[in-house]
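Colleague: Sequence below, structure please.
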Amino acid sequence: MKDNEVKLGRIGIGKKTLRIEDLEDKVHFAIDAYKRAFDKYKQGVDSVQDWDMVIKALSIQLEELRDFIAVAHHNIGVIYASKGKFPKSIEHLEQALKFNLNYSVAHYNLGKVLKKVGEIESAEKHLEAAKQLGFDK
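Modeller: Numbers count the residues shown, from 1 in each chain. Prediction:
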């Protein structure tokens, strides 16, 4: 291994992967629900349940997008680390954790990169967080 390389954990896409086609279907569902609710509203018909359905659909989509964004930031961070661009790697791994604080692989990889740049105390915190969240090499 070269001096500027860091051995990182798995990229960990697995079940967090979101297919664009799935997202498109869910967006269409939310749009259709919105149109139904708005049509009822314009007609003066009670549309509270329809609006609740729109809120539920959009809330689910937001959660899925948070996971997708976390995985994307994590993977970008791993790529930057493999290229020796540690500040960019740290930036993206930290962003991944902003979207999903329980992302154990991101904690692990951030810990490894922080250790590489000499931020030992912070690195140990992330490595311990990864371990507490169930990450094993």
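
Colleague: How confident is the prediction for the most centrally placed residue in the chain, by pLDDT?
Modeller: For the chain, the residue nearest the mean C-alpha position is A70 (1.8 Å; Cα atoms, centre = their mean). At A70, the model reports a pLDDT of 92.

Colleague: Centre of the chain to the lowest-mean-pLDDT helix or strand in the chain, how far?
Modeller: Every helix and strand of the chain was ranked by mean pLDDT, DSSP states H and E. The lowest is helix 20-42, at a mean of 80. Offset of helix 20-42 from its chain centre (Cα atoms, centre = their mean, to the nearest Å): 24 Å.

Colleague: now for the helix or strand following it, which elements pack on it?
Modeller: Once the chain leaves helix 20-42, the next helix or strand it forms, by DSSP states H and E, is helix 48-82. Here helix 48-82 touches helix 20-42, helix 86-99, helix 104-116, going by 3 or more Cβ pairs under 8 Å, 6 or more residues apart in numbering; DSSP states H and E. For glycine as for every other residue, the C-beta is placed from the backbone atoms N, C-alpha and C.

Colleague: Export the ones you listed as CSV, with columns for distance to W51 and mean neighbour count.
Modeller: Shown next, in CSV, are the helices and strands packed on helix 48-82 (distance: least, Cβ to Cβ, whole Å; neighbours: other Cβ atoms under 10 Å):
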stretch, distance to W51, mean neighbour count
helix 20-42, 5, 13
helix 86-99, 27, 19
helix 104-116, 35, 24
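
Colleague: distance of the residue nearest to Q95 when sequence neighbours are not counted from A30?
Modeller: Residue nearest to Q95 in three dimensions, not counting chain neighbours: H73, with 4.1 Å by Cβ to Cβ, 6 or more residues apart in numbering. According to Cβ to Cβ, to the nearest Å, H73 and A30 sit 24 Å apart.

Colleague: isn't H92 right next to H73, touching?
Modeller: Yes. Assessed by Cβ atoms under 8 Å, H92 is found in contact with H73 at 4.6 Å.

Colleague: still on that earlier bit, may I see the helices and strands packed on helix 48-82 organised as CSV, with distance to S59 added?
Modeller: Output for those, formatted as CSV (distance: least, Cβ to Cβ, whole Å):
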stretch, distance to S59
helix 20-42, 10
helix 86-99, 15
helix 104-116, 23
